[in-house]
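> Can you look at this prediction? I've put the sequence above it.
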Amino acid sequence: MKYREDKASDNMLSALGMGCMRFGRDKAETERMILAAIDGGVNFFDTAYIYPGSEKTLGEILAKHGRRKDVYIATKLPLMLVKSAADFDKFFNEQLRRLQTDYVDYYFMHSVTDFAQWQSMQAMGIEKWIAEKKATGQIRQVGFSYHGTCDDFMKILDSYPWEFCMIQYNYYDENYQAGRKGLLAAEEKGITVIVMEPLLGGTLATGLPKQAVEIFAKSDSQLTPADWALGWLWNQSGVTVVLSGMGTTNILEQNLRAADNFAPLTDSQLAIYDNVVQILKKSHKINCTSCNYCLPCPQGINIPSCFSAYNTSYGHGWMKGMTLYATGTGIVKQKPNSPHKCNSCGKCEKVCPQYIPIAKSLKKVAGRFEPLPIRAVMALVRRVMK
């Protein structure tokens, strides 16, 4: 494992961090993964109050094996749930209980979307509260995770003596949200940058169009698409930790090898990304990362699954996309969860960190997979199966 310095604390952080949002239901497998990650050199574990079961699972496993001192825990204050200053302690104390610890190494203001949101926290007295927690040692470093415009990112960066921040960044999203401009600004200030969505919800690992995969393989057949995506990030001096939500031990092992074997990219290798991005833009129609913030949908629609099928249909063919769509919506069931059921309530759009016009996009999905002729056939199939 390679390590990079967090200049604010002198901590040496693993270049690969474990994103804990997508911990599976198989606790035994999750336990094996966490321990294997630590043994493989990973020392940065990122969770959050709103990730279902994540903090509790991480805390229990670290305590059971006595590994708390071996890692840096990062978790987040759920700003979207904060209604008053009393909530700061309410959520933080619950997080300490779940994590079975008396301090948090890296504490985020979770999913800051604009400068006004941060100002509202300042008005509630968040800076005084942070100072108190840092004085007692309960919070070691403070930062924010960001989903908003680059202009607001710059304002937030200048508004407080942050020690780290987290941005969505990958070779496809190079100029999205904070983007490269935000990364360079943070680096100039000496602020540690943690990267989320390095694989764009898995798209850059397993969802690339065949032509894009072939371009990477032609340059270096030993590197997987995920290796290329992670390498692009590690090649930049401003990136300290790249988080990966590794759902299986196999993926963990692949990413550990990528971190171990990373070498600076050549000019010819860097030029390849531009070609891949152009191909990807033709197929990746909806910029969903499958973060699942939009769920549960009141109508029972599996929104990320619908968008994944839609993108797949352009990158890998309509039939493969339709197969995923049928699985995700259950269109042959008596009560399918079709995107046609969307009533544009707007609940999902309020929490989507990608600012996707979800209701409008679901109509596109329905139009591609369930035009009237197909809807008629599916209705007939359901009647026969009834």
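Sure thing, it's come through.
> contacting residues for the closest residue to Ser268 other than its chain neighbours?
Closest residue to Ser268 apart from its sequence neighbours, by C-beta to C-beta, 6 or more residues apart in numbering: Ser219 at 7.6 Å. C-beta: built from backbone N, CA, C; applies to glycine. By C-beta atoms under 8 Å, 6 or more residues apart in numbering, the contact list for Ser219 reads 268-269, 272.
> how's this protein carved up into domains?
3-281, 303-385 (automatic domain parsing).
> could the ones you listed be laid out in TSV, adding distance to Tyr293 and mean pLDDT?
Output for the domains of the chain, formatted as TSV (distance: least, C-beta to C-beta, whole Å; pLDDT from 0 to 100):
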stretch	distance to Tyr293	mean pLDDT
domain 3-281	8	96
domain 303-385	5	84
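> now those as JSON lines including distance to Cys297?
What follows is the domains of the chain, written out as JSON lines (distance: least, C-beta to C-beta, whole Å):
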{"stretch": "domain 3-281", "distance to Cys297": "16"}
{"stretch": "domain 303-385", "distance to Cys297": "6"}
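> since we're on Val213, how many residues are nearby?
Using other C-beta atoms under 10 Å, Val213 has 17 other residues around it.
> ugh, typo on my part, it should be Met80
14.
> Quick check: it touching Ser111?
Yes: using C-beta atoms under 8 Å, Met80 is in contact with Ser111, at 6.7 Å.
> give me phi/psi at the residue nearest to Ser268?
Main-chain dihedrals, Ser219, degrees, to the nearest 10: phi -80, psi -40.
> Stretch 288-297 spans what distance, first to last residue?
15 Å (C-alpha to C-alpha, to the nearest Å).
> quick one, longest helix in the chain?
helix 267-283 (DSSP state H).
> Give me the helices and strands touching that one, please.
helix 210-219, helix 225-234, helix 303-315 (3 or more C-beta pairs under 8 Å, 6 or more residues apart in numbering; DSSP states H and E).
> What residues of that helix count as buried?
Residues of helix 267-283 classed as buried under the neighbour-count rule (16 or more other C-beta atoms under 10 Å) are 269, 272-273, 276, 279-280, 283.
> who's in contact with that helix?
Contacts for helix 267-283 (C-beta under 8 Å, 6+ apart): 171-172, 203, 208-209, 211-212, 215-216, 219-220, 228, 232, 235, 311, 314-315.
> again, 10 Å this time
Contacts to helix 267-283, defined as C-beta atoms under 10 Å, 6 or more residues apart in numbering, come from residues 171-174, 200, 203-204, 207-216, 218-220, 223, 225, 228-229, 231-232, 235, 263, 265-266, 284, 311-316.
> between it and helix 303-315, how many degrees?
110 degrees (axes from the mean of the first three to the mean of the last three C-alpha atoms, to 10 degrees).
> so how far is helix 267-283 from its chain's centroid?
In this view, helix 267-283 has its centroid 22 Å away from the chain centroid, taken as C-alpha atoms, centre = their mean, to the nearest Å.
> Stretch 107-120 too?
That offset, for stretch 107-120, works out to 17 Å (C-alpha atoms, centre = their mean).
> number of nearby residues for Val142?
Neighbours of Val142 using other C-beta under 10 Å come to 23.
> and if you look at Ala131?
12.
> how about the strands in this structure?
Along the chain, the segments classed as strands by DSSP state E run 3-6, 11-14, 16-19, 44-46, 72-77, 104-112, 139-146, 164-168, 192-196, 239-244.
> Is it possible to get a markdown table of those that adds distance to Asn302?
Shown next, in a markdown table, are the strands of the chain (distance: least, C-beta to C-beta, whole Å):
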| stretch | distance to Asn302 |
| --- | --- |
| strand 3-6 | 37 |
| strand 11-14 | 33 |
| strand 16-19 | 21 |
| strand 44-46 | 25 |
| strand 72-77 | 25 |
| strand 104-112 | 22 |
| strand 139-146 | 25 |
| strand 164-168 | 22 |
| strand 192-196 | 22 |
| strand 239-244 | 23 |
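> Out of these, which gets nearest to Cys342?
Closest approach to Cys342 among the strands of the chain (C-beta to C-beta): strand 104-112, 23.5 Å.
> The closest one pairs with which strands?
strand 72-77 (parallel), strand 139-146 (parallel) (DSSP bridges).
> so how far is Ala8 from Thr192?
6 Å (C-beta to C-beta, to the nearest Å).
> check contacts around Arg32.
26, 61, 248-249, 252.
> how close does it sit to Leu252?
In terms of C-beta to C-beta, Arg32 sits 9 Å off from Leu252.
> Around Lys360, count how many other residues there are.
11.
> and it, what is it in contact with?
342, 344, 349.
> Give the buried subset of the residues you listed as a ChimeraX selection command.
Buried subset of the contacts of Lys360, written as a ChimeraX selection, criterion 16+ other C-beta under 10 Å:
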select :342,349
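> ok, the contacts of Lys360 vs Ile50, which is closest?
Looking across the contacts of Lys360 and measuring by C-beta to C-beta, the closest to Ile50 is Glu349, at 17.5 Å.
> picking that back up, between Met80 and Ser111, which contacts overlap?
With C-beta under 10 Å, 6+ apart as the test, Met80 and Ser111 both reach 50, 117, 293, 351.
> Kindly supply the PyMOL command isolating those of these that are buried.
Filtering the shared contacts of Met80 and Ser111 down to the buried ones (16+ other C-beta under 10 Å) takes a single PyMOL command:
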select buried, resi 50+117+293
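> Thank you, goodbye.
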